[in-house]
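Visitor: what follows is a predicted protein model with its sequence.
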Amino acid sequence: MATMVMTKTGLKSISALDQSVQPMVWSFLEKLSDNDESPGLKIKPLKNAADRRVRTGRVNKSYRAVLFRVDHDGQRIYHMVGVWPHDEGNEKALTSTAEEMASSVQLTFNAALGVAEVTGAETHDHAAVEKAFQMGREEGREEALTAAGRRDNPLENFSWTVDTLVEDAGITPRYAEAALQANDQAGLSAVADRMPEVQRLMLLELAMGTGIAEARRNLSLPDDQEVQQLREAEEEQQLTAGARNAPSAFSFIGSTPEEVKKAYNELSMAEWQIFLHPEQRRYVDHRGTGSFRLTGGAGTGKTVILVHRAREMHRRSPDARILLTTYTVALGDSLRHQLKQLDHTLPQVPLGAAGVAVAGIDQVAAKVLDAATAEEKGAAQELIFGPGRNEFRRRVGGPQEVQLWKDAVLTADPQLDQSLTQEAFLGQEYLSVVLARRVKSLEEYVRVPRTGRGTRLSRSQRVELWKIFEQFRTSNLASDRLTFAEVTVLAAAILESRAELGRGHLVDHVLVDEAQDFHAGHWQLLRALAPVRGDDLFIAEDAHQRIYGQKLTLKQFGIEIRGRSRRLKLNYRTTAQNLRFAVSLLEGEKWEALEANADDPDEVTSTLGYTSILTGPEPVIIERETVQEEYVAAAERIQYWQQRGRALEHVAVLARSKRHMQDLAQVLGSQGVPAQVLGRDSAVKEGAVQIRTMHAAKGMEFQCVLLTGVGADHLPARYALKNLPEAEQRDARQRERSLLYVAASRARDELVVTYSGAPSEFMAEASTRR
Ligand SMILES: Nc1ncnc2c1ncn2[C@@H]1O[C@H](COP(=O)(O)OP(=O)(O)OP(=O)(O)O)[C@@H](O)[C@H]1O
């Protein structure tokens with residue numbers, strides 16, 4: 001029996017194959033691990049190969065697998081390099097043939113890093129190289145690697161030379177030279193793209209400003225002593241140990257046919273499911289003494305880590321009750337889908353059962369409340385609202401809640417400045433002060449600390465405001481209504497009192513995604529869900545993506561993350577070009593995370609060192625005089641993408657407000673572009689572009705994104721700022737800026753921004769920084 005190792009290039013080449021061929025590759029690997037001498041496999045060495053270990057094997061009539069065979073210490077290992085067309089009958093093939101690949105690839109030991117690597121594959125990857133050059137030409141410029149223009153190569157800031165890159169960082173000399181010649185981050189990513197995996201990750205670490213020793217730690221590379229020992233070992237041992245030392249490039253998928261089959265059944269073809277970055281792996285496995293916070297820009301893999309971590313925690317403790325939660329129901333659905341994709345055998349269970357439960361945080365609150373006894377509900381109501389009874393039948397939020405605030409202001413008729421009677425201000429004050437502090441009377445409200453609230457209030461203003469709050473509550477009580485925010489604090493109160501009565505907690509561990517948007521009620525609920533102990537809460541957030549909530553201090557909810565917080569910098573979604581654009585929208589603003597790092601308060605919200613592993617065309621900005629012309633230009637761009645083979649359903653057209661979506665659909669339709677207007681939960685149809693609001697694109701990603709309406713008239717949206725007190729206006733403006741960042745960072749490959757009239761102030765400011 002032989003051990004099967006999947007290389008990252010191997011996985012990529014398999015996922016590029018037709019769906020009907022992919023299972024044949026896995027069945028080939030299964031048979032190979034059982035008996036590599038089976039004649040049907042046709043395992044053959046190749047004459048004149050660059051590496052004597054190389055073998056080809058028959059997947060089917062048209063495809064051959066390319067593998068390395070390593071025999072060490074009585075054990076046989078096959079490294080899957082990939083699957084390509086067989087040369088017979090494929091003379092005109094555009095892609096490389098298996099035989100061409102097999103003749104050039106080598107499995108080598110990188111003596112500086114102590115890892116094995118596959119080299120030589122890129123010289124035959126005609127299709128990828130051609131695509132990169134074509135992309136560059138179509139955008140009217142050379143490929144980023146050789147692009148002229150502003151020099152902004154991050155390596156230059158750290159005085160790297162070819163010699164130090166080669167000797168200390170283990171980079172192959174020709175890549176070291178190319179990396180130092182790159183004009184900018186995008187050029188560097190283009191070079192990195194061609195490099196063996198561990199070298200690539202090392203180069204990106206250096207580009208983020210990490211020193212060699214730290215980079216080695218981040219990449220979980222072996223220490224000096226081990227590398228030294230391996231340097232002196234025989235080659236077969238170097239390659240065997242070197243593959244284990246490089247889990248980001250090689251993954252051991254099994255040493256029996258059953259194990260290989262299990263790997264196939266558990267894993268689909270997505271890279272993130274098999275090759276986690278060593279740093280991601282560390283956070284998946286992290287065990288701590290309390291809560292932990294992971295922060296990082298859009299696309300740095302926070303969700304991927306949470307999903308893996310949920311599975312890992314379940315594997316370690318099958319009896320543990322784990323909750324994976326996020327901001328909305330739709331994002332919860334997407335988490336559920338990703339978890340299933342990662343491991344369809346993992347039990348997804350109802351809240352509070354052993355296994356992993358996945359739900360939006362408001363769903364969790366509703367479930368707790370709905371499952372509570374009448375007695376528990378009564379006690380919680382008493383604690384939050386004071387006397388009175390409500391059956392908790394009707395739930396309100398959104399525009400309905402806005403109307404209720406308007407009605408309450410009209411009825412209460414307070415003596416207040418207009419800015420203090422805006423629904424946005426009242427809703428925040430009610431949530432962050434009245435509900436969060438469980439204020440039940442005027443006496444309590446005039447005395448309660450309002451920490452973190454920007455707008456100061458005098459005693460008499462509080463007296464007038466309380467009239468509105470009281471009216472709001474009285475009318476809701478009479479009509480049997482609860483706001484979603486009220487549901488969260490009631491649910492928290494129910495869980496707290498159960499714990500106080502010694503009846504335990506609902507779950508053991510909570511994993512939170514999109515935490516930057518959670519409000520005070522959500523945090524109370526999260527704290528009450530799990531007992532305070534090791535790994536109780538694992539929180540993923542990005543302060544730059546706060547588009548709903550306000551900055552809060554977690555300590556006030558009994559959540560202590562100081563000293564237990566880390567930032568991710570490597571972006572897996574967005575190309576270097578799009579990332580630079582998105583980040584330029586953020587700079588020049590003061591950002592605050594849920595909690596600063598004690599030793600470096602600005603670290604959490606810094607964008608310093610954000611780096612992308614991908615490269616592509618520069619974002620395109622299209623300016624037109626009128627909205628109609630703008631939308632027509634959008635349609636033309638979509639047609640251009642379509643001509644280049646993009647499937648329309650992978651194109652997202654994002655708008656600031658719902659009311660623009662129908663207009664967009666109408667103009668796109670009139671230009672012959674099929675379009676679908678989607679809400680958060682709508683299913684996507686094939687063959688039509690997706691029109692969504694920028695808000696609804698949160699947490700999602702698309703191959704191509706068209707950001708429309710990024711003009712001064714729409715961003716920031718006037719209605720979002722109207723008549724608010726000054727401090728609230730600042731927050732609201734920041735949320736609008738974040739919204740643009742969220743929307744811009746949804747693009748995987750290509751980003752186009754359109755506006756009519758003058759550009760948004762956010763764009764104008766950013767263009768001076770790019
Ligand atoms: N190790 C990896 N290998 C390959 N792809 C990865 C890896 N980690 C993450 N990705 C991919 O990068 C993209 C972004 O990941 P993810 O959604 O987890 O980021 P995020 O930090 O949660 O983003 P956002 O904050 O914007 O929601 C996804 O397409 C994901 O599959």
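Guide: It's in.
Visitor: whichever residue of the stretch 651-770 of the chain sits closest to the ligand and Gly296, how far apart?
Guide: Nearest residue of the stretch 651-770 of the chain to the ligand: Gly699, at 4.6 Å (C-beta to the nearest ligand atom). No exception for glycine: its C-beta is placed from N, CA and C like everyone else's. According to C-beta to C-beta, to the nearest Å, Gly699 and Gly296 sit 14 Å apart.
Visitor: tell me the SS of Val81?
Guide: For Val81, the assignment made with DSSP: H, G, I helix; E, B strand; the rest coil gives strand.
Visitor: thought it was touching Thr119?
Guide: No. Look at Val81 against Thr119 with C-beta atoms under 8 Å: they stay out of range, at 10.9 Å.
Visitor: who has more neighbours out of those two?
Guide: A direct count of neighbours by other C-beta atoms under 10 Å for Val81 and Thr119 places Val81 higher, at 28 against 18.
Visitor: per-residue confidence for that one?
Guide: On pLDDT, Val81 comes in at 95.
Visitor: Ala366 and Thr488 touch, don't they?
Guide: No. If you go by C-beta under 8 Å, Ala366 and Thr488 don't touch, sitting 9.1 Å apart.
Visitor: and the two? which has more neighbours close in?
Guide: Ranked by neighbour count (other C-beta under 10 Å), Ala366 and Thr488 place Thr488 first, with 29 against 19.
Visitor: so which bits of the stretch 401-550 of the chain are right by the ligand?
Guide: Taking C-beta under 6 Å from any ligand atom as the contact definition, the stretch 401-550 of the chain meets the ligand at 542, 545.
Visitor: give me that answer again for 8 Å
Guide: 513-514, 540, 542, 545 (C-beta under 8 Å from any ligand atom).
Visitor: in a markdown table: those, plus secondary structure.
Guide: Shown next, in a markdown table, are these (three-state DSSP):
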| residue | secondary structure |
| --- | --- |
| Asp513 | coil |
| Glu514 | coil |
| Ala540 | strand |
| Asp542 | coil |
| Gln545 | helix |
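Visitor: turn those into a markdown table, columns for pLDDT.
Guide: Formatted as a markdown table, these follow (pLDDT from 0 to 100):
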| residue | pLDDT |
| --- | --- |
| Asp513 | 97 |
| Glu514 | 95 |
| Ala540 | 96 |
| Asp542 | 92 |
| Gln545 | 91 |
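Visitor: out of those residues, which comes closest to Lys47?
Guide: Distance to Lys47 across these (C-beta to C-beta) is lowest for Ala540, with 52.3 Å.
Visitor: just the pLDDT for the closest residue to that closest one other than its chain neighbours.
Guide: Spatial nearest neighbour of Ala540, chain neighbours left out: Lys302 (3.9 Å); criterion: C-beta to C-beta, 6 or more residues apart in numbering. Lys302 is assigned a pLDDT of 97 by the prediction.
Visitor: give me the neighbour count for Lys302.
Guide: Considering only other C-beta under 10 Å, Lys302 is surrounded by 24 other residues.
Visitor: quick one: contacts for it?
Guide: 294, 296, 513, 540-542, 568 (C-beta atoms under 8 Å, 6 or more residues apart in numbering).
Visitor: where does the stretch 551-700 of the chain have low pLDDT?
Guide: 588, 593-605, 680-681 (pLDDT under 70).
Visitor: near the ligand, which residues of it?
Guide: 568, 571-573, 698-700.
Visitor: most surrounded residue in the residues you listed?
Guide: Asn571 (26 neighbours).
Visitor: before we move on, back to that, overlap in contacts, Val81 and Thr119.
Guide: With C-beta under 8 Å, 6+ apart, Val81 and Thr119 have common neighbours Val105.
Visitor: hmm, back to that, does the residue of the stretch 651-770 of the chain closest to the ligand touch Ser334 like I think?
Guide: Yes. If you go by C-beta under 8 Å, Gly699 and Ser334 touch, sitting 6.5 Å apart.
Visitor: got any ranges where the stretch 101-250 of the chain has weak pLDDT?
Guide: For the stretch 101-250 of the chain, counting by pLDDT under 70, the residues that fall below are 122-151.
Visitor: SS state for Leu203?
Guide: helix.
Visitor: in contact with the residue of the stretch 651-770 of the chain closest to the ligand, which residues?
Guide: If you count contacts by C-beta under 8 Å, 6+ apart, Gly699 has them with 303, 326-327, 331, 334, 513-514.
Visitor: what about it, which helix or strand?
Guide: Element membership for Gly699, per DSSP states H and E: none, as it lies in no helix or strand.
Visitor: likewise for Ala635?
Guide: helix 627-643.
Visitor: now do the strands in the stretch 251-400 of the chain.
Guide: Assigned by DSSP state E, counting those that start in this stretch, the strands in the stretch 251-400 of the chain fall at 292-296, 321-326, 355-360, 394-396.
Visitor: for Leu707, which of those strands is the nearest?
Guide: strand 292-296 (22.1 Å).
Visitor: given the closest one, what are its sheet partners and their directions?
Guide: strand 537-541 (parallel), strand 565-568 (parallel) (DSSP bridges).
Visitor: return the distance of the longest one from the chain's centre.
Guide: Which is strand 537-541. Distance of strand 537-541 from the chain centroid (C-alpha atoms, centre = their mean, to the nearest Å) equals 13 Å.
Visitor: can you check the shortest one too?
Guide: Taking the mean of its C-alpha atoms, strand 565-568 sits 14 Å from the chain's own mean (C-alpha atoms, centre = their mean).
Visitor: CA-only coordinates of that strand, as CSV, when you get a sec.
Guide: Presented in CSV, the C-alpha positions along strand 565-568 are these (Å, rounded to 0.1, in the frame of the first residue of the first chain):
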residue,chain,number,x,y,z
SER,A,565,-6.6,39.4,19.7
ARG,A,566,-4.9,38.8,16.4
ARG,A,567,-5.1,40.5,12.9
LEU,A,568,-5.0,38.7,9.6
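Visitor: next secondary structure after that strand?
Guide: Using DSSP H and E, the first helix or strand after strand 565-568 is strand 570-575.
Visitor: mind listing what that following strand pairs with, with the direction of each?
Guide: strand 611-614 (parallel).
Visitor: residues making contact with the strand it pairs with?
Guide: Here strand 611-614 has contacts from 154, 185, 189, 192-193, 200, 204, 207-208, 569-576, 578-579, 748, using C-beta under 8 Å, 6+ apart.
Visitor: if we go to 6 Å?
Guide: 189, 204, 207-208, 570-571, 574-576, 579 (C-beta atoms under 6 Å, 6 or more residues apart in numbering).
Visitor: stretch 71-89 too?
Guide: 2-7, 9-10, 13-14, 25, 59, 62-70, 93, 96-99, 101, 105, 236-237, 240.
Visitor: give me the subset of these lying in strands.
Guide: 3-7, 63-70 (DSSP state E).
Visitor: tell me how the protein divides into domains.
Guide: If you go by the TED database, the domain ranges for the chain are 3-245, 271-369+502-572, 396-479, 611-768.
Visitor: so the first one, near the ligand or not?
Guide: This means domain 3-245. No. Domain 3-245 is not in contact with the ligand by C-beta under 8 Å from any ligand atom; minimum separation 8.8 Å.
Visitor: returning to what we had before: using PyMOL, define a selection of the buried residues within the contacts of stretch 71-89.
Guide: Only the buried entries of the contacts of stretch 71-89 go into this PyMOL selection, using 16 or more other C-beta atoms under 10 Å:
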select buried, resi 2+3+4+5+6+7+9+10+13+14+25+59+63+64+65+66+67+68+69+70+96+97+98+99+101+105+237+240
